[in-house]
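[1] Below are the sequence and a predicted model; questions follow.
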Amino acid sequence: MKIREVAFKKLIYGSIGASAVFLFALLLSFTVFAGRILDTSLTRGMENLRERLGADIAVVPRGSENSYQGIILSGEPVECSMDRRLEDELRAMDGVEEVTPVIYLASLNASCCSVPIQIIGYDPETDFVTSPWISEDYSLRLGNGDLIAGANIALDGNNTLTFFGRTYDVRARLNRTGTGMDKSVYVTFDVMELMLADAREKGIEFGDGSDEGITDRYVSAFLIRVKEGSDAEVIAGRISRNSLVSVVQSKNMLSSVTDGIGVISKMLTVITWIMVIIVTLVTAILSVFRVNTRRKEWAVLRMMGASEGWILRLILLENIIMSGAGAILGIILASLAVFPFSKMIADAIAFPYYGPGAVQIIIVSLFSILITVLSGAIPGIVAGAKAGKTDCYVLMRDGEN
């Protein structure tokens, strides 16, 4: 009988020890796979955020710094306003290459949502942040009453959304980013004028509360791109002299996100390797226990001509089979725990989160299987060597006691 047939038969009619090896392997594989997927998703989210911020500096009303970061990182709905007359002053500053105004408006409700979502108004004539990320298949110009939806905004069957009692056609989608951009709706200033007028009827005031030309006089923020070679710190310092506004530098926001993700990444790595050590040690103890409880079996096999190496390979193969099976099931369970709830996970950690592609999932799966199988194989080698080297006569005497 071939060694693999013996191994499978022993496992089919196996012991509690073999089942325990399987369960610990499942736990390790679950931890490694889930941890690596979360780490990869956070890293990709941070890379997307870095690519899509677009602006070097954001100028917001005094005290709105955290609100601005909430919009970018998690799509948290906010609204704020300040005088647009500052725009000319910003454009005239040395080192400033481009300036574009934006308006932030939180909806009361939408046909797609049970909670408010963020509406972002942008000026297509000066915009350098939103337009570059509209899906490539979008080729039509936005008409009056059209809007752009983030990747995570659900649409009705007619491809429309309703805000403040008015229905709008969705003419384009932003590509998925893993940031707050996915949870926002984007409109031109012409459409924002309609929304602000409708919002005023619902009791929402923006700026001075007037009915017309509000976007000509009030905005929520200015996004600035600095000329190459200019110092963003110096420009931000000049802007900060205005007591009515605050400045958020993209590099500082990225730094805080990077630090936060770095802490999570280190924590996931520590947890993973602690699990590897624990499972390897427990598997070693279980393997030695199984060897000791099967001493008579080794004696019979030795008398039948089995070599030390044959017995070692048998125990090693048993451990590999149980660890491999546990690794595969652990990956399946981790996938069911992570992928369907990725949106909830992203909301809970409040960091950019962009799930891995198929190739990365395969790589992480193979890595998880390798780590898990090694955690079972190494103890199997140790236990197999112990079983193979014991004297046959002593084994038989032990088996008779």
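    The structure has been received and is ready for your questions.
[2] so where's the stretch 151-300 of the chain shaky on pLDDT?
    156-157, 207-212, 292-300 (pLDDT under 70).
[3] That one: strands as residue ranges?
    160-163, 166-173, 184-188, 218-219, 221-226, 245-249 (DSSP state E, counting those that start in this stretch).
[4] So which of those is nearest P340?
    Smallest distance to P340 across these (Cβ to Cβ): 21.8 Å, for strand 166-173. C-beta: built from backbone N, CA, C; applies to glycine.
[5] Contacts only, for the closest residue to A149 other than its chain neighbours.
    Leaving out its chain neighbours, the residue that sits closest to A149 by Cβ to Cβ, 6 or more residues apart in numbering is V170, at 4.9 Å. For V170, the contact set (Cβ atoms under 8 Å, 6 or more residues apart in numbering) comprises D146, L147, I148, A149, L155, N159, T160, L161.
[6] and with 6 Å instead?
    Neighbouring residues of V170 by Cβ atoms under 6 Å, 6 or more residues apart in numbering: L147, A149, L155, N159.
[7] ok so, going back, quick one, which of the strands of the stretch 151-300 of the chain is nearest to V364?
    Distance to V364, taken as Cβ to Cβ, is lowest for strand 166-173 among the strands of the stretch 151-300 of the chain, at 27.9 Å.
[8] Which positions in the closest one come out as buried?
    Neighbour counts over strand 166-173 (16 or more other Cβ atoms under 10 Å) mark Y168, V170, R171, A172, R173 as buried.
[9] Return the set of residues that bridge with the fourth one.
    Okay, so that is A172. Beta-bridge pairing of A172 under DSSP bridges involves I148.
[10] now it: how far from V282?
    Distance, A172 to V282, by Cβ to Cβ, to the nearest Å: 54 Å.
[11] How many neighbouring residues does G213 have?
    Neighbourhood size, G213 [other Cβ atoms under 10 Å]: 10.
[12] re earlier: go through the strands of the stretch 151-300 of the chain and name the closest to I320.
    So among those, strand 166-173 is nearest, using Cβ to Cβ, at 46.8 Å.
[13] tell me the angle of the closest one relative to strand 184-188?
    Using axes from the mean of the first three to the mean of the last three Cα atoms, to 10 degrees, the direction of strand 166-173 lies 100 degrees away from that of strand 184-188.
[14] how far is strand 166-173 from where the chain is centred?
    Put simply, strand 166-173 sits 28 Å off its chain's centre (Cα atoms, centre = their mean, to the nearest Å).
[15] quick one: the helices in this protein?
    3-12, 16-52, 65-74, 86-91, 189-201, 214-217, 232-239, 250-293, 295-303, 308-338, 342-349, 358-389, 392-400 (DSSP state H).
[16] per-domain residue ranges of this structure.
    In terms of domains, the chain is parsed into 3-48+257-400, 63-242 (source: automatic domain parsing).
[17] Could you dump those domains into TSV with distance to S250 added?
    Shown next, in TSV, are the domains of the chain (distance: least, Cβ to Cβ, whole Å):
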stretch	distance to S250
domain 3-48+257-400	10
domain 63-242	8
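[18] right, and those domains - which one's nearest A55?
    domain 63-242 (3.7 Å).
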